[in-house]
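Q: turn this into a structure:
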Amino acid sequence: MSAEIRFFAATDVGNVREHNEDNFLVDKKLSLFMVADGMGGHAAGEVASAICVRTIHEEVKREREMLTDFMAGARGASRVTNKDILSLMEHAVQRACSRIHEEAQTDPQKRGMGTTLSSLLILGTRGFIAHVGDSRIYLLRGGHVQQITEDHTVFNELIKRGKLTREQIEKVGHKNAITRAVGVYERVDVDTLMLEVLPGDVFLLASDGLTGYLETTEELAPFLGQDGDTASKGLVTLAKDRGGKDNITVVLVRLGGEGTEDERAKRLALKREVLQRMPLFARLSDRELLRVMQAVEVRTYDDQQTVIREGDKGDELFIVLSGKVVVMRGGETLTRLGAGEHFGEMALIRAVPRSATVKSDGSAELIAIRRTDFFEILRTEHELAVKMLWQFLGVLADRLDQTSSELRHAKQELHAEEISEDVTIEIFPGIEGGADPAPFGRR
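A: Residues are numbered from 1 along each chain as shown. Have a look, this model is predicted:
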């Protein structure tokens with residue numbers, strides 16, 4: 001849907017295999033890109049990957065009107081949301097899964113066939129990803145390469161559980177076996193992700209025929225910075241030079257323009273930086289932080305505009321992105337918060353009355369996270385959930401320590417006032433009546 005998007009693709013059977021079970025699809029008009037790596041005997045893998053990319057393409061193309069409405073929504077003319085597009089992507093994968101499974105049931109030689117899938121749909125300033133298996137999507141932005149999909153493999157599951165060291169896992173049989181595939185069963189768990197895209201971004205979709213030979217993601221940077229045809233062919237050559245034991249497929253997607261001077265790029269970097277500084281998200285990986293970023297909303301407030309009101313029930317955590325806010329209780333100012341500081345964290349856990357009123361102090365931008373979105377992350381991203389809950393416990397512990405300290409301080413002040421009143425009564429009861437205060441001075 002964008003004339004600014006360029007793509008480059010290459011596929012190769014490799015040095016060992018007799019036929020190519022990978023499939024890829026590019027639809028420039030839809031801005032839809034896919035790589036699928038099939039598996040199964042008697043060329044069934046090739047059938048599975050072909051059905052997968054074809055079915056997903058049909059399902060997405062059928063909803064072209066929804067995609068158009070979403071693009072119009074960027075100008076305020078539609079109610080189609082990011083979640084609607086992600087739901088479309090997941091539905092398309094599930095439809096492909098069902099078709100592959102049905103095909104396998106009709107032919108005993110195709111039983112158990114399936115495929116990996118990494119797909120990217122770009123709509124304006126948003127990229128939508130649906131992913132299953134161990135093909136991958138990488139993103140080059142600002143000279144830095146990051147893997148933005150997660151491998152569904154035995155190796156990765158063991159790493160996440162932390163029960164074995166990497167050295168021990170290397171000795172595990174079938175460690176590279178995938179734990180999810182499209183078509184093996186009637187349904188499959190699909191990872192979906194939305195991210196903001198920027199001019200100058202380069203995406204790489206690749207099967208494990210390439211990624212299995214990479215030692216670090218940074219190895220990709222020199223290739224992704226080259227001309228597209230040179231890069232795609234160079235990556236295939238790299239995999240073949242290192243063994244070429246599997247089919248190799250790469251699709252490069254390059255967004256036109258320069259991202260370094262783009263104001264939106266600076267704002268996106270600021271949002272990421274502010275989130276990463278917050279204790280709740282401090283230990284998240286790049287991919288996990290992207291998952292959080294898709295769930296947040298940036299809101300703009302005019303001077304003295306109320307953000308939350310004391311006594312109201314809330315369901316959002318707020319983080320100051322720019323500007324300042326003032327925190328008040330009972331009409332009295334308690335404190336002012338600036339960029340990177342947060343308030344309302346208890347609302348992520350339960351609906352309790354707000355303990356203070358918060359207003360903007362001048363123009364301000366705030367990041368808001370709803371309780372429903374927070375719980376959705378916890379429900380679907382188990383490793384991420386553990387990290388965030390541990391960090392949240394730390395935030396609550398710090399808050400409890402601060403509250404305890406304030407209570408001790410208040411108690412000490414109250415005790416001091418009581419002592420002062422007692423001393424006044426004892427020492428000065430007769431002054432107004434003309435009693436001689438001298439004896440007290442001699443004590």
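
Q: and the helices in the stretch 51-200 of the chain?
A: Secondary structure of the stretch 51-200 of the chain (DSSP state H, counting those that start in this stretch): helices located at 64-73, 82-106, 154-161, 166-170.

Q: need the least confident one among these, by mean pLDDT.
A: Mean pLDDT per stretch puts helix 166-170 lowest among the helices of the stretch 51-200 of the chain, at a mean of 67.

Q: and of the helices of the stretch 51-200 of the chain, who's closest to Gln412?
A: Across those, Gln412 has its closest neighbour in helix 154-161 (48.0 Å, C-beta to C-beta). (C-beta placed from N, C-alpha, C; glycine too.)

Q: to Gly45, which of the helices of the stretch 51-200 of the chain lies closest?
A: Closest approach to Gly45 among these (C-beta to C-beta): helix 82-106, 10.5 Å.

Q: got the domain ranges for this structure?
A: Structural domains annotated on the chain: 5-257, 266-391, as defined by automatic domain parsing.

Q: highest mean neighbour count out of those?
A: Ranked by mean neighbour count under mean count of other C-beta atoms under 10 Å, the domains of the chain are led by domain 5-257, which reaches a mean of 19.

Q: quick one on the thing from earlier: could you dump the helices of the stretch 51-200 of the chain to a markdown table with distance to Phe318?
A: Converted to a markdown table, the helices of the stretch 51-200 of the chain look like this (distance: least, C-beta to C-beta, whole Å):
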| stretch | distance to Phe318 |
| --- | --- |
| helix 64-73 | 25 |
| helix 82-106 | 20 |
| helix 154-161 | 31 |
| helix 166-170 | 40 |
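
Q: nearest to Val47, of those helices?
A: Minimum separation from Val47 across the helices of the stretch 51-200 of the chain (C-beta to C-beta) falls at helix 82-106, 6.9 Å.

Q: which residues does stretch 321-333 contact?
A: 270-271, 274, 298, 301, 307, 310, 334-339, 343, 355-367 (C-beta atoms under 8 Å, 6 or more residues apart in numbering).

Q: of those, which belong to strands?
A: Per DSSP state E, strands hold the following members of the contacts of stretch 321-333: 298, 301, 307, 334-337, 343, 357-360, 364-367.

Q: follow-up on the earlier one: export the domains of the chain as JSON lines, with columns for distance to Glu406.
A: Converted to JSON lines, those look like this (distance: least, C-beta to C-beta, whole Å):
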{"stretch": "domain 5-257", "distance to Glu406": "38"}
{"stretch": "domain 266-391", "distance to Glu406": "11"}
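
Q: could you tell me the least trusted of the ones you listed?
A: domain 266-391 (a mean of 88).

Q: mind checking how far that one is from the chain centre?
A: The chain centre lies 15 Å from the centre of domain 266-391; the measure is C-alpha atoms, centre = their mean, to the nearest Å.

Q: okay then, goodbye and thanks.
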